[in-house]
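A.B. asks: Give me a model of this one.
(5 chains, ligands or ions: 4)
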Amino acid sequence: MKEPPRISPAMTSAPAMIKTKKLTKSNIVIRTTMTVLALLTIYGFFTFNNQNLKFWPSLMATFANFKTVFIQPHFNHFTFSQAVEGVTVTLALGLLTTIVGAVVAFFLSLLAAENLTNKTTSNIVKTIVAIIRAVPTVLWVLIFAIAAGLGSVAAVIGMSFHSISYLTKAYSESFEEIDEGAIEALKATGAGWWQIVFQSIVPNALTSLISWTFMRFEVNFGVAVAMGAAAGAGGIGYEMFMAGAFYFDIREMGTITYFILAIAIVLEILSTQIKARIRI
Amino acid sequence: MTTLLEMKHVSKKYGNGTVALSDVNFSVNEGEFVSVIGPSGAGKSTLLRCINKMIQATDGEVIFDSVNISGFKGRSLRKLRTKIGMIFQNYNLVERLSVIENVLHGRLGYKSMLSGSLGLFTNDEKQQAYHLLEMLGLKEQIYQRCDQLSGGQKQRVGIARALIQNPKLMLCDEPIASLDPSSAKTIMDHLKNISDSLKITVLINLHQVDIAMNYADRIIGVSKGQIVFNGAPSQLTSGDIKTIYGSDASNLMINIENHDRVKVAEK
Amino acid sequence: MTTLLEMKHVSKKYGNGTVALSDVNFSVNEGEFVSVIGPSGAGKSTLLRCINKMIQATDGEVIFDSVNISGFKGRSLRKLRTKIGMIFQNYNLVERLSVIENVLHGRLGYKSMLSGSLGLFTNDEKQQAYHLLEMLGLKEQIYQRCDQLSGGQKQRVGIARALIQNPKLMLCDEPIASLDPSSAKTIMDHLKNISDSLKITVLINLHQVDIAMNYADRIIGVSKGQIVFNGAPSQLTSGDIKTIYGSDASNLMINIENHDRVKVAEK
Amino acid sequence: GDGKSGGDKKKETITVVWYPNESADDLKDSRAAIDDVIAKATGKKVVDKLTTDYNIAIEALVSGNAQLGLMGGEGYTEAHTKNADVVPLVVNSGASGTLKDALYHSWISVRKADASKYMKDGKPTIDNIVGKKMSFVSPSSTSGFAIPTSRIIAHFSEQDKYKDLKVEDMQQGGKFFSQVLFGQSHQGSAANLLMGKADVAAFMDLLTPNYFELVSGKLNEEASVLKVRNDAGDPFTSLKGKEFTVLSVTPVLNGPIAMNSKSLSKEDQKKIQDALTSDETANNSKVFAPEGSKGIFSKDGKSRFVKVEDSWYDAIRDLH
Amino acid sequence: MSQTYFLTKRLRSLVVLGVIVLVCFGSSVLTQFNLSQGIAAIPKAIVWGFSNFYPTADSLAYLSDIWAKMQETLLVSIAAAVVAAIFAFIFAILGSRITKVSNFLAVLSRAFANLSRNIDVSVWSIVLLLTFGQTSLTGFFALFIASFGFLTRAFMETIDESGTDPVEALKSAGAGYVPTIFQAVVPSSISQIMSWILFMIETNIRAATLVGILTGSGIGYIFDLYYKRMDYHAASLVVVVIVISILLIEQLSNYVRRAML
Ligand SMILES: Nc1ncnc2c1ncn2[C@@H]1O[C@H](COP(=O)(O)OP(=O)(O)OP(=O)(O)O)[C@@H](O)[C@H]1O
Ligand SMILES: Nc1ncnc2c1ncn2[C@@H]1O[C@H](COP(=O)(O)OP(=O)(O)OP(=O)(O)O)[C@@H](O)[C@H]1O
Ligand SMILES: [Mg+2]
Ligand SMILES: [Mg+2]
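C.D. replies: Ligands and ions are numbered 1, 2, ... in the order given. All right, here's what the predicted structure looks like:
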């Protein structure tokens, strides 16, 4: 390497050994978390109940399946127009749950935002919403499927539950970010609560409300696919479940996968565009 | 001269125990231009907000327009507030909305819940907004979004919003603290002009003593929640300044001897 | 006096067609303190970055330490870069790491991939980092995270990081543009000090002409990608300034007549 | 799709819910034929509800969200327990045309290639299914779960080691079986076996005319061997010609077409019952498919719908 | 004066509102959703829930079974997130504007991540079910693929946001590519990356329920089992266990997130 430092103005002696890493709280937490996660992962692999599965052959078979799925899609049990219909139904499910979710969440989030109500109400609403959110969507749909009937009613209501709780959290956080002054100013003019909400809170938070809603719409499309598959909610997801788990026709799964992918990508582009536009 | 506002033994103790105001007494006449000065944390903002009850005083009475408003709540409180305009350091506009929409917010106190929420304003109200904006030199910016305005322009929108309330009293909480000197002067001129020509009483928090002395008819000095000076600018001495601001008065770089009365622009 | 750096007919055209440098020729002697001035977009940053090949010049030759480095790539380029320290306007520190870790980053060019990746530094290197930080007055902050430092302190970390490379040349791209005047002075003093006492050549982009004149041995004026002035500060006339900055020279509020040579703090 | 005003509309449509087995695509015509009979009898619109879960079908009938449903015996008794308004309307008879042989069968089968491992003294036995990978239909299936598990428990609980064997132990791998799969339909369970995902599978005999044909032995006798027909539809298209051996055969009462009597007018109940039990329906080749064609019910001798009472299913209740 | 301004503004709002109502209506027709039925369903569901869907003392007997499956699900979710994070990190490095090696690789890695992210986890589950059967590995891989896609994008954005500055500085000091990644990129983005991993674990636990139902593994499977058996008391106990687990994990990761800053 190089000769010792050329720079040596009168210096006091440095400690003989210098540690470069000083363990700050954040470093400790990061490392602990990493280690714990790594250990849990390894432990997980040992405990997975793999039932004598031959790993590599299965993996190879999976790749072969993926290849079939993506390279040789075909139509068998349904036609192109039925697939379009399925996708449309799924999209409609996603739209409906997003809109229902957004409307209900809007009012709930007014109650959940600390700066619009009091701390107690806010905490109660937030806790309820957190519990609702902790129940996976599919369970809501299944529970509603038994309790309230079949098909779209259960699907929409069940899926909306999750949307509502998710959006309530997102919206109320957007509301809480609003500068107190914007509310204070209208209060000082003698405006009432609803007037403040619609004239100050909503315009102020509009950008983030829209962007959260679109994000949720993207998610809801995926959820609608999954609900078709796991809870028989109809649409392309149901076709996929039948093709995959009932008919074992992976080539048809390929067709469906492409349909889903196409819509998902369109939605993503749309949502990026809209988000970019409203930010102006 | 009629008394518009009277504070009697007003005290305010915050939830955390801070005593922000203790036994504050003063009165303001109609049309007066009164400036409240005092160090940071003295209680100036609290004082102002106790008047339109944005903060509920713990004790004492506030008499506005010969009515004791201390117990006002709900509808009557909202109605009271329409009579008191307020202007803020950070303008507190809805940035995404246009200038005229922000001005029209000043009318919300007069409207029903529904029409207010939907922003349905009458033609008269819009005309009034237009004229106010014209008067404040914002004719060109009427439909611009407020986030595109400069600080000085924003504050003029804030003034227009307060004026459209048809207020008897304007409360201004450090309206020029965020502005550059030239914009600050424009705003102060406008406020003085309003007070003079529209006979609106102005109560203004300032932290620049020289500006307060230039513009105000009367100065109220607040220190640690108490009123320690109340008189004409000409009566304010270095000793008073020291009482108000404590021993660091010299740090304020205030030059009381040597100030000119700035001529108020008559538009 | 030996020539350390020579630029011969260097040009740079960016992918989008912008010609940032065209036919630049100059040379810098060992130990010189040279300041590059010029308006925004003139090509100052491009010029500096062509020297350590952070940007690849489109044309011409760069001779560093008697070697034509124009074609350097891979290992030889990395080795070259260890000889050239660089200091940035935004300090470019890894904010989450401690001061000493950031300084030691200057040694990465000397280390193997593995020990570099793992951040395994020898005790010698750590001692050296310690002494440099002591010299720059950052002894107290050695283990502090860089996001807790002030701008001036951050820039001193940047200097230490460059110095620990044992560079022959220091490239400084507007090192004081983000600093308040007093921190800026500290940084300029340190740089001058380094140049004087360690005989490290310094090439520094500045946009304050007066500071450039105060500190530099020589000034290079760049305008529209071309060198339009190259000489001692004392030779710089108002006319030259106009040539460099165009007609808006007056907006720069430069007062060339009336500047004092600031004494360089000798620590 | 039908639009608004739920109340009135509900009365004008009759919803028929189908188990996953009968929800298969290739039974579409058959479902439509039965719907047709109901529609003609009542003059109302008949809507199909296909399901992926047995219990959703059951709950739909229980709650009155569906008025009619073709169920399994087990599912029916559960539905009746939950809501006594769910009662059987008709059931398909056996070849005799009466309730006497209104039966089908639950099989426990293994792949033919492995059959020798499950033989004792030349006869098939379920002794060796312990520790194997087992495929059932669904926890709410009669012939695909309730019957075979009670058969297994009955068989094994004679041994001391398995004295306390419970239904719960059959539901998850790692207890009695090494792994337990649920095919979600009889077809799925059979496919699990033939694809090698399971070693042993339970499903019903009624798949036979549509998907399987006899290779040796007699239908519904132990040790009979069957294979997948060449014209079998999914999920058997890639499993043509695969053979399996039946280890055990248990008769099961046919499942009824049940109704929620509260959500269907007396008048309609009668009309539907009459229409379904009519000769015309019995001779409708779409409803009772003759040999060689596909249908939910197959024509075997004089098979037809006959009226049935709730008490007929007590035999299933006794299983528990 | 201002009439047209307010008129256009109001018209625009009306058009937006109209479009939303139309979309709602159209979607309702398409999916045969009936709002009045939907609203009526909620009280019905609540009544049903209170009369059927609650854990009983008997169902507590299943707790150990349920907990075992929950543990499996937790481990699968964690393992999937962690392994995915490793791959995602590599892909993110290759794909990020700041650290990319070549444009081709960057585009490729972005495309790959998009593919795995935009196909729902349920699709992957069903494809994987065919080869891996009803095992934890099916769930693991399904979650892995979905996590990989999501994390790659999240990491890429994190790295992009962490800025070119430190990378440029190290490069100018002569540091090589790999040391630059480990000494500049990793420290700058590590807390954000950890935070994404924690978020992914939370998401995975939710998704695992769905995947479990589809593939017959973990907590989803056991819910499905009880549910299909119509043992709603046991099924509700599963829900309770899931809810408690998710809330706990959320609290824990919120704590860690705050402490990492
Ligand atoms: N919401 C609150 N809760 C508790 N204490 C408060 C609250 N608002 C203000 N205070 C305290 O009350 C005192 C007076 O505050 P106030 O804002 O009225 O002072 P000020 O004179 O306006 O100061 P500044 O010039 O900084 O605006 C201060 O000590 C402050 O910390
Ligand atoms: N990566 C790039 N791609 C294209 N054009 C560039 C790029 N970087 C700089 N330029 C252009 O090259 C010209 C010179 O830029 P350079 O950054 O060297 O100027 P500068 O003198 O450093 O300006 P400043 O004082 O603002 O830093 C400018 O016109 C600039 O827009
Ligand atoms: Mg204040
Ligand atoms: Mg530059």
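A.B. asks: Smallest distance to ligand 2 belongs to which residue of the stretch 151-267 of chain B?
C.D. replies: Nearest residue of the stretch 151-267 of chain B to ligand 2, counting by Cβ to the nearest ligand atom: residue B:180, 25.1 Å away. Just so you know, the C-beta spots here come from the backbone N, C-alpha and C atoms, and that holds for glycine as well.
A.B. asks: what residues are up against residue D:34?
C.D. replies: D:16, D:70, D:276, D:287, D:296 (Cβ atoms under 8 Å, 6 or more residues apart in numbering or on different chains).
A.B. asks: okay but the last one is in contact with residue D:27, surely?
C.D. replies: So the one you mean is residue D:296. Yes - in this structure, residue D:296 is within contact of residue D:27 by Cβ atoms under 8 Å, at 5.5 Å.
A.B. asks: higher neighbour count, the two?
C.D. replies: Between residue D:296 and residue D:27, residue D:296 has the larger neighbour count (other Cβ atoms under 10 Å in any protein chain shown), namely 23 against 19.
A.B. asks: I'd guessed residue D:96 sits against residue D:306; true?
C.D. replies: No - using Cβ under 8 Å, residue D:96 is not in contact with residue D:306, being 10.0 Å away.
A.B. asks: These two: who's more crowded?
C.D. replies: Under the neighbour definition other Cβ under 10 Å, residue D:96 and residue D:306 were set side by side, and residue D:306 has more, 19 against 13.
A.B. asks: so what secondary structure elements neighbour the one helix or strand that one maps to?
C.D. replies: Assigned by DSSP states H and E, residue D:306 falls within strand D:305-307. Using 3 or more Cβ pairs under 8 Å, 6 or more residues apart in numbering or on different chains; DSSP states H and E as the contact test, the elements touching strand D:305-307 are strand D:86-92, helix D:266-277.
A.B. asks: For chain C, which of those is the nearest?
C.D. replies: Proximity to chain C (Cβ to the nearest Cβ) singles out strand D:86-92 among the helices and strands packed on strand D:305-307, at 65.3 Å.
A.B. asks: What pairs with the helix or strand following the closest one, parallel or antiparallel?
C.D. replies: Next helix or strand after strand D:86-92 toward the C-terminus (DSSP H and E): strand D:103-111. When pairing is defined by DSSP bridges, strand D:103-111 lines up against strand D:200-204 (antiparallel), strand D:243-253 (antiparallel).
A.B. asks: So which residues make contact with strand D:103-111?
C.D. replies: D:94, D:117-118, D:126, D:129, D:142-144, D:147-148, D:151-152, D:190, D:193-194, D:196, D:199-206, D:220, D:242-254.
A.B. asks: What angle do strand D:86-92 and it make with each other?
C.D. replies: 80 degrees (axes from the mean of the first three to the mean of the last three Cα atoms, to 10 degrees).
A.B. asks: what's the offset of strand D:103-111 from the middle of its chain?
C.D. replies: 11 Å (Cα atoms, centre = their mean, to the nearest Å).
A.B. asks: Give the next helix or strand downstream of it.
C.D. replies: Toward the C-terminal end, the helix or strand that comes next after strand D:103-111 (DSSP H and E) is strand D:119-120.
A.B. asks: What pairs with that following strand, parallel or antiparallel?
C.D. replies: Here, using DSSP bridges, strand D:119-120 pairs with strand D:123-124 (antiparallel).
A.B. asks: In helices, which of the contacts of residue D:34 fall?
C.D. replies: residue D:276 (DSSP state H).
A.B. asks: quick one, helices of the chain?
C.D. replies: This is for chain A. Using DSSP H, helices in chain A cover A:25-47, A:55-71, A:80-112, A:119-134, A:137-148, A:151-177, A:180-188, A:193-196, A:202-231, A:235-241, A:250-278.
A.B. asks: switch to chain D, that's the one I care about
C.D. replies: Going by DSSP H, chain D shows helices at D:6-12, D:28-42, D:54-63, D:73-82, D:147-156, D:167-171, D:186-194, D:208-211, D:266-277, D:279-282, D:314-318.
A.B. asks: Now look at the last one and say if it contacts chain E.
C.D. replies: No - contact between helix D:314-318 and chain E is absent, the nearest approach being 15.2 Å (criterion: Cβ under 8 Å from any Cβ of the partner chain).
A.B. asks: In that helix, which residues are buried?
C.D. replies: Under the neighbour-count criterion of 16 or more other Cβ atoms under 10 Å in any protein chain shown, helix D:314-318 has residue D:316 buried.
A.B. asks: residues making contact with that helix?
C.D. replies: By Cβ under 8 Å, 6+ apart, helix D:314-318 touches D:73, D:74, D:76, D:77, D:142, D:146, D:253.
A.B. asks: tell me the pLDDT at the closest residue to ligand 1 within chain A?
C.D. replies: The nearest approach of chain A to ligand 1 comes at residue A:180, 10.2 Å away (Cβ to the nearest ligand atom). On the pLDDT scale, residue A:180 is placed at 87.
A.B. asks: Do I have it right that it meets residue A:116?
C.D. replies: No - Residue A:180 is beyond contact range of residue A:116, at 10.9 Å (criterion: Cβ under 8 Å).
A.B. asks: Tell me which of these two has more neighbours.
C.D. replies: The residue with more neighbours, out of residue A:180 and residue A:116, is residue A:116; 20 against 11, by other Cβ under 10 Å.
A.B. asks: Phi and psi next, for that one.
C.D. replies: phi -110, psi -30 (degrees, to the nearest 10).
A.B. asks: Need the nearest residue in space to it, chain neighbours excluded.
C.D. replies: Ranked by Cβ to Cβ, 6 or more residues apart in numbering or on different chains and with sequence neighbours excluded, the top spatial neighbour of residue A:116 is residue A:110, at 5.4 Å.
A.B. asks: ok, for the residue of chain A closest to ligand 1, nearest residue in space, not its chain neighbours?
C.D. replies: That would be residue A:115: by Cβ to Cβ, 6+ apart, it lies 6.4 Å from residue A:180.
A.B. asks: Next one: the one you found from residue A:193, what distance?
C.D. replies: Distance, residue A:115 to residue A:193, by Cβ to Cβ, to the nearest Å: 12 Å.
A.B. asks: about what we covered before: the contacts of helix D:314-318: which ones sit near ligand 1?
C.D. replies: Checking the contacts of helix D:314-318 against ligand 1 by Cβ under 6 Å from any ligand atom, not one of them is in range.
A.B. asks: Now distance to residue A:19 too, for the residues you listed, in a markdown table please.
C.D. replies: Formatted as a markdown table, the contacts of helix D:314-318 follow (distance: Cβ to Cβ, whole Å):
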| residue | distance to residue A:19 |
| --- | --- |
| D:73 | 75 |
| D:74 | 70 |
| D:76 | 75 |
| D:77 | 74 |
| D:142 | 71 |
| D:146 | 69 |
| D:253 | 80 |
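A.B. asks: just to revisit the earlier point, what residues are up against the residue nearest to residue A:180?
C.D. replies: Residue A:115 sits in contact with A:175, A:176, A:178, A:180, A:183, where contact means Cβ under 8 Å, 6+ apart.
A.B. asks: neighbour-wise, which of those leads?
C.D. replies: Within the contacts of residue A:115, neighbour counts (other Cβ under 10 Å) peak at residue A:175, which reaches 24 neighbours.
A.B. asks: circling back: the residue nearest to residue A:116 reaches residue A:175, doesn't it?
C.D. replies: Yes - Residue A:110 is within contact range of residue A:175, at 7.2 Å (criterion: Cβ under 8 Å).
A.B. asks: Thank you kindly, that will do.
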